[in-house]
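A.B. asks: Attaching a predicted model along with its sequence, questions to come.
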Amino acid sequence: MAENKMSVYKDKEEKSLSREETRAQNNYLSPSVDIYETESGLVLLADLPGVEKSGLEIEVDQGLLTIEAHPTLGQQDEGASREFALRNFYRQFRLPETIDPSASSAVLKNGVLTLTLPRAAAAKPRRIEVTMH
């Protein structure tokens, strides 16, 4: 497994995805991923061609986001010549503690996964109104 530092926040102080792991096995590919910071949290876009909802597993355990996907091939003939074969996808990311995984959502459309990871309520900035008595 490889370890990389990937910053997704403008403020670089300990606000990075400190770990990204990819399975080293030959039957897994590392999908291309873009991660954006928004006011409400993080948005992750992952290219997963050939993957359907039934072949996608997304899990967060102890702050570690795991995406595992198994593409489905169309019609397969035994005697057909094939120069291209889809392979499984696997990626892991260490999430910042400010993310609330229980409020996350995922959409898979046309082979692109959009994963929305909102900040926890305690991590969001709050404005305190001052009243006069």
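C.D. replies: Ah, there it is. Numbering: from 1, shown residues only.

A.B. asks: where in the chain is pLDDT low?
C.D. replies: Scanning the chain for pLDDT under 70 picks out 1-26, 74-80, 82, 84, 123-124.

A.B. asks: Please enumerate the strands of it.
C.D. replies: Per DSSP state E, the chain carries strands over the ranges 6-7, 16-17, 20-21, 28-29, 33-37, 41-47, 56-61, 64-69, 88-94, 105-109, 112-118.

A.B. asks: can you redo those as CSV with mean neighbour count and distance to residue 129?
C.D. replies: Where C-beta positions appear, they are placed from N, C-alpha and C, glycine not excepted. Output for the strands of the chain, formatted as CSV (neighbours: other C-beta atoms under 10 Å; distance: least, C-beta to C-beta, whole Å):
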stretch, mean neighbour count, distance to residue 129
strand 6-7, 13, 34
strand 16-17, 18, 34
strand 20-21, 18, 41
strand 28-29, 18, 51
strand 33-37, 14, 27
strand 41-47, 19, 24
strand 56-61, 14, 34
strand 64-69, 19, 36
strand 88-94, 21, 36
strand 105-109, 12, 31
strand 112-118, 18, 24
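
A.B. asks: Save the ones you listed as JSON lines, and put in distance to residue 126 too.
C.D. replies: As requested, the strands of the chain are exported to JSON lines (distance: least, C-beta to C-beta, whole Å):
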{"stretch": "strand 6-7", "distance to residue 126": "25"}
{"stretch": "strand 16-17", "distance to residue 126": "24"}
{"stretch": "strand 20-21", "distance to residue 126": "31"}
{"stretch": "strand 28-29", "distance to residue 126": "42"}
{"stretch": "strand 33-37", "distance to residue 126": "19"}
{"stretch": "strand 41-47", "distance to residue 126": "15"}
{"stretch": "strand 56-61", "distance to residue 126": "25"}
{"stretch": "strand 64-69", "distance to residue 126": "26"}
{"stretch": "strand 88-94", "distance to residue 126": "26"}
{"stretch": "strand 105-109", "distance to residue 126": "23"}
{"stretch": "strand 112-118", "distance to residue 126": "15"}
